[in-house]
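**Student:** sequence below, structure please.
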Amino acid sequence: MGKVTLVLGASLKEYRYSNLCIRTLVSAHIPVEAIGLREGNISNIKVHSFIPELEDIHTVTLYLGPENQKSYYDYILKLNPVRVIFNPGTENIEFQEILKNAGIEVIEDCTIMMVEGGRF
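**Tutor:** Numbers count the residues shown, from 1 in each chain. Next up, the predicted model:
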């Protein structure tokens, strides 16, 4: 299935960056999973409003502010992704240190720009 990316903080609102990110990943043929506050679909990707059991997640890309990330720390660590991308406004020194100590790569960048620029 390729390198699966989990978009955490997915919004069904088309003008939100998390929504654009999912559409960008789908257009680039990158497999996507998504978790958000409301269930729905974005470009045929199901957005879960609960924490699903997932396996083989390569990348987690965050669209949640630092305070809202705390309840996901253990979940993300359990997923053991290769990397976690902190999009602008999601930077979190505490969580970044936890991830680094677990051997997970931490990237501060815009996922959309990474995909569009061929750096994903």
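**Student:** and the residue nearest to the spatial centre of the chain, how far from Asp109?
**Tutor:** By CA atoms, centre = their mean, the mean C-alpha position of the chain lies nearest to Thr61, the distance being 2.4 Å. Look at Thr61 and Asp109: by CB to CB, to the nearest Å, they are 9 Å apart. C-betas here are computed from N, CA, C, even on glycine.
**Student:** sorry, back to before: report the contact partners of the residue nearest to the centre of the chain.
**Tutor:** Thr5, Leu6, Val7, Leu8, Cys21, Val84, Ile85, Asn87, Thr111 (CB atoms under 8 Å, 6 or more residues apart in numbering).
**Student:** again, only using 6 Å
**Tutor:** Going by CB atoms under 6 Å, 6 or more residues apart in numbering, Thr61 touches Val7, Ile85, Thr111.
**Student:** ditto for Gly36
**Tutor:** Under the criterion of CB under 6 Å, 6+ apart, the contact list for Gly36 reads Ala10, Ser11, Val47.
**Student:** the residues you listed in strands, which ones?
**Tutor:** Residues of the contacts of Gly36 located in strands (DSSP state E): Ala10, Val47.
**Student:** right, I'll leave it there.
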